[in-house]
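**Q** Below is the sequence, then the predicted model.
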Amino acid sequence: MPKSQKIAVIVPCYKVEKYILPLLEKIPSLVDCIYCVDDACPNGTGKLVERECQDPRVRVLFHSNNLGVGGTVKTGYRAAFEEGNDIGVKIDGDGQMDAALIPRFVDPLLKGECDYTKGNRFYSLDDTKGMPVIRLFGNAVLSFFSKLSTGYWNLFDPTNGYTAIHLSLLKALQLDKVSNRYFFESDMLFRLGINRCVVKDVIMRANYGSERSNLKILKIFVPFLWGHFRNFNKRLFYNYYLRDFQVASIEFLLGPVLLIAGTAYAVYQWNVALETGISATAGTVMIGALPIIIGMQLILSALGFDLQNIPKTPLHLAMREQFAEDDTSTQTAEGEKDG
């Protein structure tokens, strides 16, 4: 695999003192820097790494207060970018993610095929046999709502924390606005989506060992649904009304209005018929049914357009070309000034 860009790995460290050292030993040599971010761990995982790890690539960063997994990854991203790295890979410190897969995550970025890669544990049915049913169901539901809120209809497993990003995108993504807690991965996809970044799924197998995941589906289900609802409305406004306006913009606007109005009218007439005992006429039924049918058709048509509107040109390549043009213009202007 040709490599001309620096690769950094970010490892959140919170109560993973049993697993962190074996994980660090498995990180392949193509990685240039490793940032272990101690998120105010009460068990002193960061101090353990400083004391026991001899890998010169490893640097330990400490939080004075617990910021959550999102805040931890953002600290690692910023440090990696400021120190000249081009690609940042996030891998958990609990040993459930195979470090040997790192080349598979960074290869599409090195080739310029995408801006961001993420793991997908659900591609093979055999890989899901060891997962709890509640996790399978919850992930399926959350994946559907993630498709709505992010616009990435081609992706699955949105809460997967095995990711890689081209660090040049950090400024465009407004990292400060991304969630600090468990909604981080889903919120990152939303930010990537409104910036038209190309995201690719990477097939992987999770290693479910003795370490229990801190992610409780029932606990985070409602907050996740609210987050996706909020992001869905933001995405529609940004992509279909603020930055562009097209037929789908009208369909997204009129479809729900007609559906709600038709349903409300039909319910009202139904109640009237129950109270009076007089059946509604065919014309009355059609007045309620027609807006419902048209509204549903408009919504489906708009979603069909949205499905085809997935980004296809990596943003970091366009940004690199723009930076090159700006540098050339600056050098030309300085040359003319000197002359």
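**A** Perfect, I can see it now. Residues are numbered from 1 along each chain as shown.
**Q** Just the helices from the stretch 1-150 of the chain, written as ranges.
**A** Here the stretch 1-150 of the chain has its helices, by DSSP state H, counting those that start in this stretch, at 20-26, 45-52, 68-82, 102-110, 133-150.
**Q** out of those helices, which comes closest to residue 185?
**A** helix 68-82 (8.1 Å; Cβ to Cβ). C-betas here are computed from N, CA, C, even on glycine.
**Q** for that closest one, packing partners?
**A** Here helix 68-82 touches strand 7-13, strand 33-38, strand 58-62, strand 87-90, helix 170-173, helix 184-194, going by 3 or more Cβ pairs under 8 Å, 6 or more residues apart in numbering; DSSP states H and E.
**Q** How far off centre is the last one?
**A** Relative to its chain's centre, helix 184-194 lies at 4 Å (Cα atoms, centre = their mean, to the nearest Å).
**Q** tell me which strands and helices it is in contact with?
**A** Looks like helix 184-194 contacts helix 68-82, strand 116-120, helix 133-150, helix 170-173, strand 199-203, helix 217-237 (3+ Cβ pairs under 8 Å, 6+ apart).
**Q** between these, which gets nearest to residue 303?
**A** Using Cβ to Cβ, the helices and strands packed on helix 184-194 put helix 133-150 closest to residue 303, at 8.5 Å.
**Q** Within its sheet, name the partner strands of whichever helix or strand comes after the closest one and how each one runs.
**A** Following helix 133-150 in sequence order, the next helix or strand is strand 163-166 (DSSP states H and E). Within its sheet, strand 163-166 is paired with strand 87-90 (antiparallel), strand 116-120 (antiparallel), according to DSSP bridges.
**Q** Output those strands in a markdown table; the columns should cover distance to residue 169.
**A** Shown next, in a markdown table, are the strands paired with strand 163-166 (distance: least, Cβ to Cβ, whole Å):
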| stretch | distance to residue 169 |
| --- | --- |
| strand 87-90 | 10 |
| strand 116-120 | 8 |
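**Q** Need the winner for burial among the ones you listed.
**A** strand 87-90 (a mean of 27; mean count of other Cβ atoms under 10 Å).
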